[in-house]
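Peer 1: Build me a model:
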Amino acid sequence: MRKRAEQVDETHQRIVEAAAGLHGTIGPAATTIAGIAKEAGVTRLTVYRHFADEGAIFAACSAHWLAQQVPPDPSAWARYVDPVERLQAGLTDLYRFYREGVDMLTCIYRDMADLPPHRRAAIAQRDGHFAEVLLEPFRASKARRRRLGAVVGHATAFGTWRSLCIEHGLSDRDATEAMTALAVAVVGQHQRPTRAGRRG
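Peer 2: Residues are numbered from 1 along each chain as shown. As a prediction, the model looks like this:
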């Protein structure tokens, strides 16, 4: 029975890895159960024995891929009290993550409309949280804060990083500096709180 359980686990893992490989190359929209089965060397029925539907496969695939990454850490950004230092730290972390996962992330964001609704919502919530953490320490008038929110949201977007760094050849550092300068220009000055720098 132990051997049987090991075989089941191995098959399950093979299916997950096959799905992740396809998602990161042809993308979720073009990935089919038949394609996953072929890549994993199993039948479609076997895939369905392990996963109830494509949503379950996508969830397992996402967990598998993320476990191999170093995800962004907004809690570390929040240690910076100075708004510009926090923005620089956050964008540096985000852009590092985007570059390390560029193939998968390109496919995921391109095929966003084809993802399970709950996954789309989770990604949108996560991306919104990134922007909120970076926007929080800035002081600005209501009108400027609205524009600043748009700029910070734009700066944290994967599409922005891809345009700047992949399509136009900037380094991650240059892209971070460009987006930070844009945010500072919107605010009108380099604001520093009473107690600047990192907490703790």
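Peer 1: What distance do you get for Cys61 to Ile15?
Peer 2: Separation of Cys61 from Ile15 (CB to CB, to the nearest Å): 9 Å. C-beta: built from backbone N, CA, C; applies to glycine.
Peer 1: what are the ranges of the helices in this structure?
Peer 2: 2-23, 33-40, 44-50, 54-67, 74-77, 83-100, 102-110, 117-135, 142-156, 158-161, 172-187 (DSSP state H).
Peer 1: now those in CSV, with mean neighbour count and mean pLDDT?
Peer 2: Converted to CSV, the helices of the chain look like this (neighbours: other CB atoms under 10 Å; pLDDT from 0 to 100):
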stretch, mean neighbour count, mean pLDDT
helix 2-23, 16, 83
helix 33-40, 18, 95
helix 44-50, 15, 94
helix 54-67, 17, 92
helix 74-77, 16, 98
helix 83-100, 21, 98
helix 102-110, 18, 97
helix 117-135, 15, 95
helix 142-156, 17, 93
helix 158-161, 19, 98
helix 172-187, 17, 96
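Peer 1: Domain map for this protein?
Peer 2: Under automatic domain parsing, the residue ranges defining each domain of the chain are 2-67, 74-187.
Peer 1: quick one: contacts for the closest residue to Val187 other than its chain neighbours?
Peer 2: With CB to CB, 6 or more residues apart in numbering as the criterion, Val187 has its nearest non-adjacent residue at 5.2 Å, and that residue is Ala140. By CB atoms under 8 Å, 6 or more residues apart in numbering, the residues touching Ala140 are 148, 186-188.
Peer 1: Dump the residues you listed into TSV; add distance to Ala113 as well.
Peer 2: Shown next, in TSV, are the contacts of Ala140 (distance: CB to CB, whole Å):
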residue	distance to Ala113
Leu148	29
Val186	30
Val187	34
Gly188	38
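Peer 1: returning to that earlier point: quick check: the residue nearest to Val187 vs Leu148, distance?
Peer 2: 6 Å.
Peer 1: Between the two, which contacts overlap?
Peer 2: Contact criterion CB under 8 Å, 6+ apart; residues shared by Ala140 and Leu148: 186-187.
Peer 1: what are the C-alpha coordinates of stretch 53-70, in CSV please?
Peer 2: Output of stretch 53-70 as CSV, limited to C-alpha atoms (Å, rounded to 0.1, in the frame of the first residue of the first chain):
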residue,chain,number,x,y,z
ASP,A,53,-11.6,20.5,-12.7
GLU,A,54,-9.3,23.0,-14.4
GLY,A,55,-9.7,25.3,-11.4
ALA,A,56,-8.2,22.7,-9.1
ILE,A,57,-5.3,22.1,-11.5
PHE,A,58,-4.6,25.9,-11.7
ALA,A,59,-4.6,26.2,-7.9
ALA,A,60,-2.1,23.3,-7.6
CYS,A,61,0.0,24.7,-10.4
SER,A,62,0.1,28.2,-8.8
ALA,A,63,1.1,26.8,-5.5
HIS,A,64,3.8,24.6,-7.1
TRP,A,65,5.3,27.6,-9.0
LEU,A,66,5.1,30.0,-6.1
ALA,A,67,6.9,27.5,-3.8
GLN,A,68,9.9,27.8,-6.1
GLN,A,69,10.0,31.6,-6.1
VAL,A,70,10.9,34.2,-3.6
